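Engineer: prediction below, plus the sequence it came from.
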Amino acid sequence: MKNASQGMSPSRAAPPTLVNADATGISLITGPLGQKRVEFLQEFMPKAAAIAMLVNPVSPDAVPEIRDVQAVAHASNVAIRIINASTATEIESAFAALTNSKPERLLVGSDPFFVLRRDQIAALAAKLGVPTIYPFREFAAAGGLMSYGTSLAGAYREAGVYVSRILNGANPSDLPVLQPTRFELVINLKTAHALSLTIPPTLLARADEVIE
């Protein structure tokens, strides 16, 4: 794994911040990173004119995430096609629909439900053969092509530290709500080879981890 400082863009780091004096915890930056995922897809296939986006319509984060993605896509004259799924069956149906009108690229939304169904989604995307970017490393580890987002493992470790401090007498209101300090670009080179896809060298050079 590469050091996170290599190829780091300004959007990759956010300092700890106090969001509310009466609350504490770990905040995951997920949806706003959709814009960066669009940029990575464009770097992968710069001439592609459209992106399909899989979202969970019942998620409260779906609308702002779609809005952020559409903003950067519109600025680049890229069309966004929204595909909805909120159950395992609907995920199957969504990919069946994509098979009938295969998109050039696919972006998977950052809803927690999709994380739980990552094996299913990664397998369906591989079967579809479309370049796909996901919100967390766990998708790439499950066979997804590439991911960009918060380190869930790191967030869980920080949460454990906070629980320990509170159990040892720390006042929750004295602990700032932490935001991620690291975002990972992970590329599954094994999946790329299986799909006969060539990852641009510039994108490989920026990856924090390459799965081979």
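Structural biologist: Structure received. Small disclaimer: the values here were computed from a predicted structure and weren't measured.
Engineer: which positions within stretch 76-85 qualify as buried?
Structural biologist: Buried residues in stretch 76-85, counted by 16 or more other Cβ atoms under 10 Å: 78, 80, 83-85. Placement of C-beta: from N, CA and C, glycine included.
Engineer: ranges for the helices of the protein?
Structural biologist: For the chain, the helices defined by DSSP state H cover 34-44, 62-75, 88-100, 112-116, 118-128, 137-141, 152-167, 189-194, 201-206.
Engineer: return the most buried member of those.
Structural biologist: Scoring those by mean neighbour count under mean count of other Cβ atoms under 10 Å gives helix 137-141 as the most buried, with a mean of 22.
Engineer: just how off-centre is that helix within its chain?
Structural biologist: On the basis of Cα atoms, centre = their mean, to the nearest Å, helix 137-141 sits 9 Å off its chain's mean C-alpha point.
Engineer: nearest to residue 143 among the buried residues of stretch 76-85?
Structural biologist: Using Cβ to Cβ, residue 85 comes nearest to residue 143 of the buried residues of stretch 76-85, at 18.4 Å.
Engineer: that closest one reaches residue 56, doesn't it?
Structural biologist: Yes: here residue 85 reaches residue 56: they are 6.6 Å apart, a contact under Cβ atoms under 8 Å.
Engineer: from the buried residues of stretch 76-85, which ones fall inside strands?
Structural biologist: With strands taken from DSSP state E, the overlap with those comprises 80, 83-84.
Engineer: okay, who's weakest in these by pLDDT?
Structural biologist: When those are sorted by pLDDT, the bottom entry is residue 80 at 93.
Engineer: report the beta-bridge partners for that residue.
Structural biologist: Note on residue 80: beta-bridge partners residue 51, judged by DSSP bridges.
Engineer: that one: what's it in contact with?
Structural biologist: Residue 80 makes contact with 50-53, 66, 69-70, 73, according to Cβ atoms under 8 Å, 6 or more residues apart in numbering.
Engineer: could you identify the most distant pair in these?
Structural biologist: Of all pairs drawn from the contacts of residue 80, the widest gap by Cβ to Cβ lies between 50 and 66 and measures 14.9 Å.
Engineer: could the ones in strands among the buried residues of stretch 76-85 go into JSON lines alongside distance to residue 113?
Structural biologist: Below are those laid out as JSON lines (distance: Cβ to Cβ, whole Å):
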{"residue": "80", "distance to residue 113": "20"}
{"residue": "83", "distance to residue 113": "14"}
{"residue": "84", "distance to residue 113": "12"}
